[in-house]
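[1] Have a look; sequence and predicted model below, questions after that.
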Amino acid sequence: MSAAGDPRTERPPVTLPRIAEMKRSGKPIVMMTAYDYPSASVAEAAEVDVVLVGDTGAMTVLGYDSTVPVSMEEMLVLARAVRRGLRTPLMVGDLPFGSYEGANELAVESAQRYVKEAGCDAVKLERGGASVDRARAIIRAGIPVMGHVGLTPQTATQFGGYRAQGRTADRAIQIAEETLALQSVGCFAIVFEAVPAAVTAALADKLEVPVIGIGAGPSDGQVLVFHDLLGIYEGRLPRFVKRYAEVRRDMVAGVSRFADEVRARRFPQDEHTYGIDPEELERFRRYLDQESLATSAWDW
Ligand code: KIV
């Protein structure tokens with residue numbers, strides 16, 4: 001790995017053939033979400049393979065209660081910021097709720113906006129059913145598509161809320177059929193969210209495209225939400241999240257120390273301030289001492 005913190009790494013950009021090769025050779029694919037320049041530059045420095053501008057940004061950075069309200073315009077603002085911080089990982093834009101389900105034309109238009117206006121390499125959409133047609137249309141328009149099955153937060157209420165999926169044979173069959181359909185129209189990878197590990201494992205042999213798991217057990221790759229894995233987000237955590245840092249705790253501690261020092265007048269100190277040549281300062285003081293600068297002149 002190149003020098004920690006250096007966002008300009010030497011490795012070549014991660015391409016779709018590289019992702020397919022990783023699947024063939026059994027090299028795990030590392031994916032994380034990013035929503036802005038700092039998170040993207042962290043992904044770059046840590047040599048992540050795939051960065052998803054996830055619609056989870058609705059909650060983690062925009063403060064919505066779910067992923068449903070976020071608009072395409074808002075996602076594009078996030079994606080452009082991510083693009084500025086990213087050079088080598090494959091960048092995937094998450095199609096938000098309402099930006100693709102209605103019609104193939106809408107889906108292609110939204111996918112094109114991610115590519116043209118934010119420099120995304122690919123897009124992701126949720127579920128099977130009509131989404132399979134949308135994926136086919138987007139791929140025919142020349143834009144790579146990642147699928148997403150299992151727990152699909154944009155329509156979670158339909159399957160009983162934010163809970164594991166595929167825990168009955170019927171639902172596992174449905175997930176398998178959605179996955180195979182997405183694969184058959186050319187999706188280059190499929191996210192499995194909150195699916196029993198045994199279901200993922202049983203399906204693995206039937207799949208040529210990589211499965212990127214999040215709460216789906218061992219698979220070709222793993223994805224976690226940036227704010228979850230670093231401990232920035234405060235909300236309730238699903239069981240599949242592993243915390244690798246406690247960044248929010250450190251941020252609150254840092255800002256509290258800053259506030260304490262300002263209130264106690266311990267900050268700033270000499271090393272944080274700029275000097276002035278004593279003669280220049282003297283001239284300035286003489287200027288302030290002039291009679292004509294009486295404070296009443298400013299009394300308005
Ligand atoms: O939006 C998102 O962050 C996602 C991941 C959970 C895969 O879809």
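    Nice, thanks for sending it over. Fair warning: this is a prediction, and the values are worked out from it, not measured in the lab. Numbering: from 1, shown residues only.
[2] Please say whether there is contact between whichever strand or helix holds Glu44 and the ligand.
    Per DSSP states H and E, Glu44 falls inside helix 37-45. No: Helix 37-45 lies out of reach of the ligand by CB under 6 Å from any ligand atom, never closer than 11.7 Å. (Each C-beta comes from the backbone N, C-alpha and C, glycine too.)
[3] One more: stretch 164-174?
    No: shown here: stretch 164-174 not in contact with the ligand (CB under 6 Å from any ligand atom), separated by at least 13.3 Å.
[4] list the buried ones in that stretch?
    Neighbour-count burial for stretch 164-174 flags 164-166, 171-172, 174 (criterion: 16 or more other CB atoms under 10 Å).
[5] same deal with stretch 256-274?
    Going by neighbour count (16+ other CB under 10 Å), nothing in stretch 256-274 comes out as buried.
[6] Span of that stretch from start to end?
    25 Å (CA to CA, to the nearest Å).
[7] Now do that stretch: distance to the chain's middle.
    Its chain's C-alpha centre and that of stretch 256-274 lie 34 Å apart, by CA atoms, centre = their mean, to the nearest Å.
[8] Likewise for stretch 225-233?
    10 Å.
[9] swap in stretch 267-287?
    With CA atoms, centre = their mean, you get 46 Å for stretch 267-287.
[10] Burial check on Glu109, number of neighbours?
    15 (other CB atoms under 10 Å).
[11] ok so, going back, which is the next helix or strand following the helix holding Glu44?
    That would be, after helix 37-45 and using DSSP H and E, strand 50-53.
[12] helices and strands around that next one, which ones?
    Here strand 50-53 touches strand 29-33, helix 72-85, strand 90-94, strand 221-224, going by 3 or more CB pairs under 8 Å, 6 or more residues apart in numbering; DSSP states H and E.
[13] Let's see the helix holding Glu44 as PDB, backbone CA atoms only.
    Coordinates of each C-alpha in helix 37-45 appear next as PDB, following Å, rounded to 0.1, in the frame of the first residue of the first chain:
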ATOM      1  CA  TYR A  37     -14.800  14.400  -0.800                       C
ATOM      2  CA  PRO A  38     -13.300  13.300   2.500                       C
ATOM      3  CA  SER A  39     -14.900   9.900   2.600                       C
ATOM      4  CA  ALA A  40     -13.900   9.300  -1.100                       C
ATOM      5  CA  SER A  41     -10.300  10.300  -0.300                       C
ATOM      6  CA  VAL A  42     -10.300   7.800   2.600                       C
ATOM      7  CA  ALA A  43     -11.500   5.100   0.200                       C
ATOM      8  CA  GLU A  44      -8.800   6.000  -2.200                       C
ATOM      9  CA  ALA A  45      -6.000   6.000   0.400                       C
END
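[14] Go through it and flag the buried ones.
    Of the residues in helix 37-45, those buried (16+ other CB under 10 Å) are 37, 39-45.
[15] Leaving out the residues flanking it, which one is nearest to Ser71?
    Nearest residue to Ser71 in three dimensions, chain neighbours excluded: Pro96, at 6.6 Å (CB to CB, 6 or more residues apart in numbering).
[16] Am I right that the one you found falls within a strand?
    No: counting by DSSP: H, G, I helix; E, B strand; the rest coil, Pro96 is not found in a strand; it is coil.
[17] so what's it up against?
    Shown in contact with Pro96 (CB atoms under 8 Å, 6 or more residues apart in numbering): 55, 58, 67, 70-72, 74-75, 154.
[18] So what's the predicted local confidence for it?
    pLDDT, Pro96: 98.
[19] Would you mind giving both backbone torsions of it?
    Torsion angles at Pro96 (phi, psi; degrees, to the nearest 10) stand at phi -80, psi 160.
[20] show me where this structure has helices.
    Counting by DSSP state H, the chain has helices at residues 16-25, 37-45, 57-60, 72-85, 104-118, 130-140, 169-184, 197-204, 226-229, 247-263, 278-289.
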